[in-house]
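1. Here's a sequence, model it:
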Amino acid sequence: MLKIKINNSEFLVKSDISVLEACKYVGISIPRFCYHETLSVAGNCRMCLVEIEKTPKPVSSCTLPVSNNMQIYTDTPLVKKARENVVETLLLNHPLDCPICDQGGECDLQDQTKMWGSDYSRFFMSKRSVEDKNCGPLIKTIMTRCIHCTRCVRFGSEIAGVDFLGTLNRGTSTEIGSYISRMFNSEISGNVIDLCPVGALTSKPYAFKGRPWELRSNESIDLTDSTGSNIYVNFKETEVLRILPKNTNEINENLISDKARFFYDSLKNQRLQRIFKKVNLSKYESLNWQELLTAIDNLFISESNKKIVILVNEELDLNSLHILRFISNKYAPRIQVQSVGTNLLTSKNYFVSGSTNKILDIKKSGKTCFLLSCNLRLEAAILNSKVRSKVVSENFDVISLGQKFNSNFPLKVINLSALNVLRILEGKDFISNKLLSSKSPLIFLGDSLNKRISVNFSLTSYLKRIISSVVVIEIKAFSNTESINFLGINGLNNNIIKKADTVFSINLQDNISVRKHLLGLGVKTFWINTHGSKLASGSDFILPSLTYFEQEGVFLNLEQRPQKTLKSLSGVNDARSTKTILLSIFSTLNSDVVIKSSKFSTFLEEIVLRPNLFKTLLNKFSNSSLFNTQYLSILSVVSFYPIKGSLEDFYRSNNLSKNSAVMAQCSQAARKNLNNFKTND
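-> Numbering: from 1, shown residues only. The predicted structure is shown next:
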């Protein structure tokens, strides 16, 4: 610790920090534009000038390290005059368009001008103008407002790993831009909007939609992937206008993916709003909830001996899944619940435990990382940025086993089949020594690898058994896959579906694999979803449900952390929450389902408010014998097909993002960018 004086007050601070950080830690705010905690120091805005004893002129506090017995002054007349001159210089070419700027009300330049600026300008010449740049469908640019803080440039090169933006020209002709006009091809590019201290980079979908003082804010979580990033939902009346990251050090820090930030237009696109019943092949009639529930009650009474299959998506909230699990346990085998997305024969491959590694453990891992059939950049963009940060800041070796992808950090790729990947784990391959001799290696397990292993076996348990210090992070395909595992819901079984008389489809994605199982069944089908589709048009009953912005729900992310979404919007017309729909449908069969749901809701509130309690809970569906199972003794259960990525299009991965017009534009721009520029970013 060093002893310093700030404004004649003594403090003890760390020895390896800058003057700006020292002032920040003791509660003294110093204005800045170019400095940011997550970026390297540039020192080019000069707004953070302070006076140091025995120095002839003010110095930038962000570049000057503290020293013992240093005397710092942050509020002297010289410092105030210097900051006033800096603000005046920044405003020389800055347009006076605050009333139409989307950054208005949240602009650092506005705040600093009010605090340190002068009431007049000595500049009477014409202002310089700069041509706007094309950054794709997400980022709107008005580069005349740019003050050359270079935050966006440093973010692209240091965090996103894409050298898209750079500094062009010199002197008074300096401008920020891209050398080639194309899309900012990064999964986290939208974070430059938050970094920009002025209105040079703003959100294109949010343009001219609202002002910050008009918006209401609510906390929620991102369910577009399994990371569970914390977000703020900003909404006005009945419409979400933007989504911002919530700084959560344990998960996403201050970043979110572009998919989480910009998919919200799907909340009003192609929404199901009424209940419909099929009359014939081309005609539907509208029902109300009372008529529908009467029809369902008659169905349960008249077809008491017929089989019902309930197909669920792995994005359904934990409470709704518990209701379905209770009903299926009570009335099995007449009523069965199956998860679309989980491999059939690995239906008992559960590992839900408090000892599972957390996202924070990524920073504590050793010098080696293994990606087992995992495209980290597409499947978990936030975790990919954390791995890139380790690669840039320290000697960190990353090896991908089984799949090659366009990485934004140095990567060694060994293209192996699933069987060969498993042989490495058993020490029967030349690469095994690299893995088994590593100290605290970091291993990411992709969802596609589990689909190639058709046996009751916990790969995470086995890795922890052979390497006690290993850090294992399982990347899931959907936002609530861990809840499916926790409740022990079985995977999709086509033979059971073919024998069913009634099928309930809850929040399913309309894709080729689902159509293969549902089209042409010739049974009574119920489509419960937020959006319409081709499968919906072929169903006998269509029921509208609410999105997770319109209802509360608990979800388990990939590290099995329970998190809760809060209701931000009211529903549309006849749409109801999934929990309400299920209770209304199945309360006729068993009245205890309401009581069970209420007790489980209380339990969920406990684990959300006190997550440490969740670590001590036992999962009754886990099988302890999975820990020692030797899977390679039965070769027929390991697929010989090449490992294929579980996600090909980053922007259209779930039901909501597939119905987003903005995500469709991004997907199209990304494909165009890939076709025109065949270089790795």
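2. Break this structure down into its domains, please.
-> Annotated domains of the chain cover 2-90, 98-267, 275-341+482-614, 361-477+633-648 [automatic domain parsing].
3. could I get the ones you listed as a markdown table with distance to residue 658 and mean neighbour count?
-> For the C-beta atoms, the positions are set from N, CA and C on the backbone; glycine is no exception. Conversion of those to a markdown table gives the following (distance: least, C-beta to C-beta, whole Å; neighbours: other C-beta atoms under 10 Å):
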| stretch | distance to residue 658 | mean neighbour count |
| --- | --- | --- |
| domain 2-90 | 32 | 17 |
| domain 98-267 | 8 | 18 |
| domain 275-341+482-614 | 7 | 18 |
| domain 361-477+633-648 | 13 | 19 |
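4. wait, which of the ones you listed is closest to residue 673?
-> Nearest of the domains of the chain to residue 673, taken as C-beta to C-beta: domain 98-267 at 4.9 Å.
5. end to end, how far does that closest one reach?
-> 30 Å (C-alpha to C-alpha, to the nearest Å).
6. Give the rounded mean pLDDT of it.
-> Average pLDDT, domain 98-267: 91.
7. Do a quick rundown of the strands in the stretch 501-650 of the chain.
-> 502-506, 524-529, 541-544, 553-556, 562-565 (DSSP state E, counting those that start in this stretch).
8. Include distance to residue 369 and mean pLDDT when you put the ones you listed into TSV, please.
-> Formatted as TSV, the strands of the stretch 501-650 of the chain follow (distance: least, C-beta to C-beta, whole Å; pLDDT from 0 to 100):
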stretch	distance to residue 369	mean pLDDT
strand 502-506	37	91
strand 524-529	38	91
strand 541-544	44	92
strand 553-556	24	90
strand 562-565	26	90
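9. will you turn the ones you listed into JSON lines that also has distance to residue 392?
-> Rendered in JSON lines, the data for the strands of the stretch 501-650 of the chain read as follows (distance: least, C-beta to C-beta, whole Å):
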{"stretch": "strand 502-506", "distance to residue 392": "43"}
{"stretch": "strand 524-529", "distance to residue 392": "42"}
{"stretch": "strand 541-544", "distance to residue 392": "47"}
{"stretch": "strand 553-556", "distance to residue 392": "31"}
{"stretch": "strand 562-565", "distance to residue 392": "29"}
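10. Out of these, which gets nearest to residue 154?
-> Comparing the strands of the stretch 501-650 of the chain under C-beta to C-beta, the one sitting nearest is strand 562-565, at 30.8 Å.
11. mind checking which helix or strand of this structure has the lowest mean pLDDT?
-> Across the helices and strands of the chain, the lowest-confidence element by mean pLDDT, DSSP states H and E is helix 611-614, at a mean of 67.
12. right, and the helix or strand after that helix?
-> helix 655-658 (DSSP states H and E).
13. Contacts for that next one, please.
-> 224, 259, 263, 266-267, 313, 315, 507-509, 529-531, 547, 651-652, 663 (C-beta atoms under 8 Å, 6 or more residues apart in numbering).
14. before we move on, back to that, looking at the strands of the stretch 501-650 of the chain, which is closest to residue 233?
-> strand 562-565 (9.1 Å).
15. now for that closest one, which elements pack on it?
-> Using 3 or more C-beta pairs under 8 Å, 6 or more residues apart in numbering; DSSP states H and E as the contact test, the elements touching strand 562-565 are strand 216-221, strand 553-556, helix 592-609.
16. just the strands in the stretch 151-300 of the chain please.
-> Going by DSSP E, counting those that start in this stretch, the stretch 151-300 of the chain shows strands at 166-168, 175-177, 201-203, 216-221, 230-236, 239-245, 275-280, 283-287.
17. quick one, which of those strands is nearest to residue 426?
-> strand 216-221 (37.7 Å).
18. Adjacent strands (with direction) for the closest one?
-> Paired with strand 216-221 in the same sheet, following DSSP bridges, are strand 230-236 (antiparallel).
19. between the strand it pairs with and strand 239-245, how big is the angle?
-> 150 degrees (axes from the mean of the first three to the mean of the last three C-alpha atoms, to 10 degrees).
20. which residues are contacting strand 230-236?
-> Contacts with strand 230-236, where a contact means C-beta under 8 Å, 6+ apart, come from 209-210, 212, 214-222, 240-248, 251-252, 256, 260, 549, 563, 568-569.
21. Residue 356 is nearest to which of the strands of the stretch 501-650 of the chain?
-> strand 553-556 (10.4 Å).
22. Give me the below-cutoff pLDDT ranges for the stretch 501-650 of the chain.
-> 612-640 (pLDDT under 70).
23. cutoff 80 now
-> Applying pLDDT under 80 to the stretch 501-650 of the chain picks out residues 513, 519-522, 588-591, 610-646.
24. for the strands of the stretch 501-650 of the chain, which one sits closest to residue 485?
-> The minimum distance between residue 485 and the strands of the stretch 501-650 of the chain falls on strand 553-556, with 8.5 Å, by C-beta to C-beta.
25. List the neighbouring strands of that closest one plus their orientation.
-> Using DSSP bridges, the strands paired with strand 553-556 are strand 562-565 (antiparallel).
26. distance between the strand it pairs with and the chain's centre?
-> 14 Å (C-alpha atoms, centre = their mean, to the nearest Å).
27. Mind listing residues that contact it?
-> Residues contacting strand 562-565 (C-beta under 8 Å, 6+ apart): 220-221, 223, 228, 230, 317-318, 548-549, 551-557, 604, 607-608, 611, 614.
28. let's go with 7 Å and repeat that
-> 220-221, 228, 548, 552-557, 607-608, 611, 614 (C-beta atoms under 7 Å, 6 or more residues apart in numbering).
29. possible to save those residues as TSV with distance to residue 437?
-> What follows is the contacts of strand 562-565, written out as TSV (distance: C-beta to C-beta, whole Å):
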residue	distance to residue 437
220	43
221	38
228	33
548	44
552	48
553	44
554	41
555	38
556	34
557	31
607	38
608	41
611	35
614	34
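30. for those residues, which one is nearest residue 39?
-> residue 228 (25.0 Å).
31. Can you verify my assumption that the closest one contacts residue 248?
-> No: between residue 228 and residue 248 there is no contact under C-beta atoms under 7 Å: 9.4 Å.
32. looking at the strands of the stretch 501-650 of the chain, which is closest to residue 271?
-> The nearest among these, by C-beta to C-beta, is strand 541-544 at 7.2 Å.
33. now that closest one, how far from the chain's geometric center?
-> Per C-alpha atoms, centre = their mean, the centroid offset for strand 541-544 relative to its chain is 29 Å.
34. That one - contacts with which helices or strands?
-> strand 275-280, strand 524-529 (3 or more C-beta pairs under 7 Å, 6 or more residues apart in numbering; DSSP states H and E).
35. which other residues reach the first one?
-> I take that to be strand 275-280. Counting by C-beta under 7 Å, 6+ apart, 284-289, 292, 540-544, 574 sit against strand 275-280.
36. Please convert those residues to TSV, extending it with distance to residue 672.
-> Below are those laid out as TSV (distance: C-beta to C-beta, whole Å):
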residue	distance to residue 672
284	38
285	43
286	41
287	44
288	46
289	45
292	45
540	41
541	40
542	35
543	38
544	35
574	40
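37. before we move on, back to that, of all the strands of the stretch 501-650 of the chain, which lies closest to residue 490?
-> Taking the strands of the stretch 501-650 of the chain one by one with C-beta to C-beta, strand 502-506 is closest: 15.0 Å.
38. Partner strands of the closest one and their direction?
-> Sheet pairing for strand 502-506, using DSSP bridges, gives strand 308-312 (parallel), strand 524-529 (parallel).
39. re the thing from before, in JSON lines, list the helices and strands packed on strand 562-565 along with distance to residue 125.
-> Converted to JSON lines, the helices and strands packed on strand 562-565 look like this (distance: least, C-beta to C-beta, whole Å):
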{"stretch": "strand 216-221", "distance to residue 125": "42"}
{"stretch": "strand 553-556", "distance to residue 125": "57"}
{"stretch": "helix 592-609", "distance to residue 125": "59"}
